[in-house]
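> What would the 3D arrangement of this be:
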Amino acid sequence: MSTETHTIHEEEIQRALLLVVELRQMQGTTGREKAIFLSKAINDAVMAERENKTQTTRKKIIEALVDFPHSIDDSKVEIRFDPRRTGHNALNQFLSVLEGQFTAAPKAEG
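Numbers count the residues shown, from 1 in each chain. As a prediction, the model looks like this:
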């Protein structure tokens, strides 16, 4: 069985503490109301995590792109073959770099 390591960030801890405080303040509310509140809080946390992952993905793609000979204008993004890299065309080279970006160990945050 494999275990995945997850670092709990300060923002997540703060969200959890706020949730606990709000639940304690809901004395006298029905179980259904608490369930609706919890459902919304969980949904908000999931959406925040998705946004974070989207930003991380975009950052990795941009980092890979700028490392290549490229040009960008209003209608296109063009990557060019880099003779110093392995690969038989620009797309092959770019995909190799992207694969490396997405399979590399996560960078430590600090």
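> what helix or strand does the nearest residue to Ile72 once chain neighbours are set aside sit in?
Closest residue to Ile72 apart from its sequence neighbours, by Cβ to Cβ, 6 or more residues apart in numbering: Glu78 at 7.5 Å. C-beta: built from backbone N, CA, C; applies to glycine. Glu78 belongs to strand 77-79 when assigned by DSSP states H and E.
> Would you map the helices across the chain?
10-24, 31-66, 90-103 (DSSP state H).
> Run a quick check on the residue nearest to Ile72 versus Phe68, I expect a contact.
No. Using Cβ atoms under 8 Å, Glu78 makes no contact with Phe68, being 9.7 Å away.
> higher neighbour count, these two?
Taking other Cβ atoms under 10 Å, Glu78 and Phe68 do not tie; Phe68 has more neighbours (16 against 11).
> Across the sheet, point out what pairs with the residue nearest to Ile72.
Ser71 (DSSP bridges).
> which residues does it contact?
70-72 (Cβ atoms under 8 Å, 6 or more residues apart in numbering).
> Among the helices of the chain, show the one with the smallest mean pLDDT.
Lowest mean pLDDT within these: helix 10-24, a mean of 74.
> how close does Phe68 get to Leu95?
11 Å (Cβ to Cβ, to the nearest Å).
> and Leu95, how many neighbours does it have?
Neighbourhood size, Leu95 [other Cβ under 10 Å]: 13.
> Check the gap between it and Ile79 for me.
From Leu95 across to Ile79, the span is 10 Å (Cβ to Cβ).
> Give me the distance from the strand holding Glu78 to the chain's centre.
Relative to the centre of its chain, strand 77-79 is centred 24 Å away, using Cα atoms, centre = their mean, to the nearest Å.
> pLDDT of it, averaged?
Average pLDDT, strand 77-79: 87.
> ok, and what's touching stretch 14-22?
Residues outside stretch 14-22 that contact it (Cβ under 8 Å, 6+ apart): 37-38, 41, 45.
> Please list only the buried members of those residues.
Buried members of those, scored by 16 or more other Cβ atoms under 10 Å, are Ala41.
> Great, nothing more from me.
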